[in-house]
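> this one's sequence-less:
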């Protein structure tokens, strides 16, 4: 595995972990869950709660989209084979030029 592939794999893993953590934190860490359990599953949405979700959902979509792009870049870097060294390419070009001259 080349250095670029290792960096790409690391970028992919970090983006996926951050996306999962953000989604989990947004949906599973909310103070009203404790009130919900205390009040026997009676949900009362306040205007502030509704405004929170109007902001949180678009931010979630944008944040996950950006992390998805980062994960895609990382995946591409991790799965793309490394390029040939310049010396090897120059040797091939020189060999082709010599064959054309003959």
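Arrived safely, thanks for sending. A quick note: this is a predicted structure, and the numbers were derived from the prediction, not measured.

> count of residues packed around residue 75?
17 (other Cβ atoms under 10 Å). No exception for glycine: its C-beta is placed from N, CA and C like everyone else's.

> Could you pull up the residues touching it?
8, 12 (Cβ atoms under 8 Å, 6 or more residues apart in numbering).

> check which helix or strand covers it.
Using DSSP states H and E, residue 75 sits in helix 47-79.

> now residue 82
Residue 82 is part of no helix or strand when elements are defined by DSSP H and E.

> Got phi/psi on it?
Torsion angles at residue 82 (phi, psi; degrees, to the nearest 10) stand at phi -70, psi 150.

> I'd like to know how far it sits from residue 90.
17 Å (Cβ to Cβ, to the nearest Å).

> just to revisit the earlier point, if you count neighbours, what's buried in the helix holding residue 75?
60, 64, 67, 70, 71, 74, 75, 77, 78 (16 or more other Cβ atoms under 10 Å).
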